[in-house]
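Novice: can't give you the sequence, but here's the structure:
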């Protein structure tokens, strides 16, 4: 099963903060999970030119490129909805970091748009794949949570 895949999906990463940087790192690694994916470039509002030999491309080029099949949206939460809508309307599949949108109504609208366009819209929470989460999951296994709270430290 080490054969080269017939079709590779071209991926663009939108946003190069923590989540976007991890996505780019993983897409560049020769792991079996990325065998069907080719990193085409990244989109950022900052002028960066390239990051570790991955070229920055404009949003317009990412939307119109025949090479780009999939967009990984790793930008600020407030911009997710707009980026998802643009990429779905351009005929691209979308993977978006949690939260997909800031409202339930907007999320429903985007799911319907993805279905109409025949495209995949997948919401993911990259932190659930990190070592810290696995450690915490082990620590709380078999214990009863008596009280808890969530402290959000990100900015809008």
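Specialist: Arrived safely, thanks for sending. Note that the structure is predicted; figures quoted are calculated from it, not measured.
Novice: When you work out contacts or count neighbours from here on, use the C-alpha atoms and nothing else.
Specialist: Will do.
Novice: Which secondary structure state does residue 60 sit in?
Specialist: helix (DSSP: H, G, I helix; E, B strand; the rest coil).
Novice: give the contact list for it.
Specialist: Residues counted as contacts of residue 60 (CA atoms under 8 Å, 6 or more residues apart in numbering): none.
Novice: can I assume residue 8 is in contact with residue 38?
Specialist: Yes: using CA atoms under 8 Å, residue 8 is in contact with residue 38, at 6.3 Å.
Novice: of those two, who's got more company?
Specialist: Per other CA atoms under 10 Å, whichever of residue 8 and residue 38 has more neighbours is residue 38, with 18 against 15.
Novice: Pull the contacting residues for that one.
Specialist: Residue 38 neighbours (CA under 8 Å, 6+ apart): 8, 9, 10, 11, 27, 28.
Novice: In helices, which of those residues appear?
Specialist: Of the contacts of residue 38, the ones assigned to helices by DSSP state H are 27, 28.
Novice: Out of the contacts of residue 38, which is nearest to residue 139?
Specialist: Of all the contacts of residue 38, the one with the least separation from residue 139 (CA to CA) is residue 27, at 30.3 Å.
Novice: What separation is there between the closest one and residue 112?
Specialist: Distance, residue 27 to residue 112, by CA to CA, to the nearest Å: 28 Å.
Novice: Check residue 85 too.
Specialist: Taken as CA to CA, the span from residue 85 to residue 112 is 11 Å.
Novice: Look at the two and report which has more neighbours.
Specialist: Comparing residue 85 with residue 112 by other CA under 10 Å, the one with more neighbours is residue 85, at 18 against 13.
Novice: is it true that the more buried one lies in a helix?
Specialist: Yes: Residue 85: assigned to a helix according to three-state DSSP.
Novice: Would you agree it is in contact with residue 110?
Specialist: Yes: counting by CA under 8 Å, residue 110 is a contact partner of residue 85 at 6.8 Å.
Novice: What segments of the chain are strands?
Specialist: Along the chain, the stretches classed as strands by DSSP state E are 9-14, 37-43, 50-51, 54-55, 70-73, 93-97, 121-124.
Novice: As JSON lines, those strands with mean pLDDT and distance to residue 23 would be great.
Specialist: Formatted as JSON lines, the strands of the chain follow (pLDDT from 0 to 100; distance: least, CA to CA, whole Å):
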{"stretch": "strand 9-14", "mean pLDDT": "97", "distance to residue 23": "7"}
{"stretch": "strand 37-43", "mean pLDDT": "96", "distance to residue 23": "10"}
{"stretch": "strand 50-51", "mean pLDDT": "89", "distance to residue 23": "13"}
{"stretch": "strand 54-55", "mean pLDDT": "94", "distance to residue 23": "12"}
{"stretch": "strand 70-73", "mean pLDDT": "98", "distance to residue 23": "8"}
{"stretch": "strand 93-97", "mean pLDDT": "96", "distance to residue 23": "11"}
{"stretch": "strand 121-124", "mean pLDDT": "92", "distance to residue 23": "12"}
